[in-house]
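K.L.:
please work out how this folds:
(2 chains)
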Amino acid sequence: DTGVSQNPRHKITKRGQNVTFRCDPISEHNRLYWYRQTLGQGPEFLTYFQNEAQLEKSRLLSDRFSAERPKGSFSTLEIQRTEQGDSAMYLCASSFAQETQYFGPGTRLLVL
Amino acid sequence: AQSVTQPDIHITVSEGASLELRCNYSYGATPYLFWYVQSPGQGLQLLLKYFSGDTLVQGIKGFEAEFKRSQSSFNLRKPSVHWSDAAEYFCAVAASGGSYIPTFGRGTSLIVHP
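P.N.:
Sure thing, here's the model as predicted:
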């Protein structure tokens, strides 16, 4: 299957710990997006990359959130000093330029 | 900035009945419009999209949507619902000519009774 993959699928952590999520996009896609989805809400855009360049990061929720895409392929989203309010589903999507975004299954984070 | 309203949090229909999910958007120019479906444990899947042209858009799984500029709406329809259509449905809008980042509504949960 050559769809978008995300790892881990589930993560439980204690408040104050750092967590990192990985996204592997569809191989020929040059754009990669991160979203957060809380219960009962639609996905909320966080940031996106075109190749290795991060073109929009003003919507990251705080300076505890950061993302990288070092070689223009996979990406990581890190949350430092997690808080209970960070509990959510983190979604990754990829696209070729401005065409349709394809979403991964998400990483569900629970902060205790 | 653009926004989306999905006024129905839950919709319940019987299998075989017709379906209409409502979506209203706010955007100053002609938007890009999307409907996605999310099943439990699955990623969001694009059902259909409108960029320009014919205002009645056909999608996958027998869904269609109609763009009505005068009503700022993009309602999703299906003539006969199957039990497998039970899922969460999200309408989204993106600025035309922009970075193509969609803003999603809060979703409508579809429940299908046998």
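K.L.:
OK, contacts around the residue nearest to residue B:3 when sequence neighbours are not counted?
P.N.:
Using Cβ to Cβ, 6 or more residues apart in numbering or on different chains and skipping the chain neighbours, the partner closest in space to residue B:3 is residue B:26 (4.5 Å). Every residue, glycine included, has its C-beta placed from N, CA and C. Neighbouring residues of residue B:26 by Cβ atoms under 8 Å, 6 or more residues apart in numbering or on different chains: B:2, B:3, B:4, B:5, B:72, B:93.
K.L.:
I'd like to know how far residue B:26 sits from chain A.
P.N.:
15 Å (Cβ to the nearest Cβ, to the nearest Å).
K.L.:
as a markdown table, the contacts of residue B:26 with pLDDT, secondary structure and neighbour count would be great.
P.N.:
Below are these laid out as a markdown table (pLDDT from 0 to 100; DSSP: H, G, I helix; E, B strand; the rest coil; neighbours: other Cβ atoms under 10 Å in any protein chain shown):
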| residue | pLDDT | secondary structure | neighbour count |
| --- | --- | --- | --- |
| B:2 | 86 | coil | 19 |
| B:3 | 91 | strand | 12 |
| B:4 | 95 | strand | 24 |
| B:5 | 96 | strand | 14 |
| B:72 | 94 | coil | 15 |
| B:93 | 93 | strand | 24 |
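K.L.:
ranges for the strands of the chain?
P.N.:
No chain was given, so I picked chain A. Remark: strands assigned in chain A by DSSP state E are A:5-7, A:10-13, A:19-24, A:31-37, A:44-50, A:53-56, A:65-68, A:75-79, A:88-95, A:102-103, A:107-111.
K.L.:
wait, I meant chain B there
P.N.:
B:3-5, B:10-14, B:19-21, B:24-26, B:32-38, B:45-50, B:56-58, B:64-68, B:73-78, B:87-94, B:103-104, B:108-113.
K.L.:
in the sheet, who's paired with residue 49?
P.N.:
In the absence of a named chain, chain A is used. Judged by DSSP bridges, the bridge partners of residue A:49 are residue A:32, residue A:54.
K.L.:
wrong one, I was asking about chain B
P.N.:
For residue B:49, the residues forming beta bridges with it (DSSP bridges) are residue B:34.
K.L.:
give me the number of residues near it?
P.N.:
19 (other Cβ atoms under 10 Å in any protein chain shown).
K.L.:
can you pull the contacts of it?
P.N.:
A:100, B:32, B:33, B:34, B:35, B:57.
K.L.:
got a pLDDT number for it?
P.N.:
Residue B:49 carries a pLDDT score of 93 in this model.
K.L.:
residue nearest the centroid of chain A?
P.N.:
When chain A is reduced to its mean C-alpha position, the closest residue under Cα atoms, centre = their mean turns out to be residue A:34, at 3.7 Å.
K.L.:
residues near the nearest residue to that residue once chain neighbours are set aside, how many?
P.N.:
Nearest non-adjacent residue to residue A:34, counting by Cβ to Cβ, 6+ apart: residue A:46, 4.4 Å away. Residue A:46 sits with 21 neighbouring residues when counted by other Cβ under 10 Å.
K.L.:
correct me if wrong: residue A:46 contacts residue A:62.
P.N.:
No - the pair residue A:46 / residue A:62 is not scored as a contact, 10.8 Å apart, by Cβ atoms under 8 Å.
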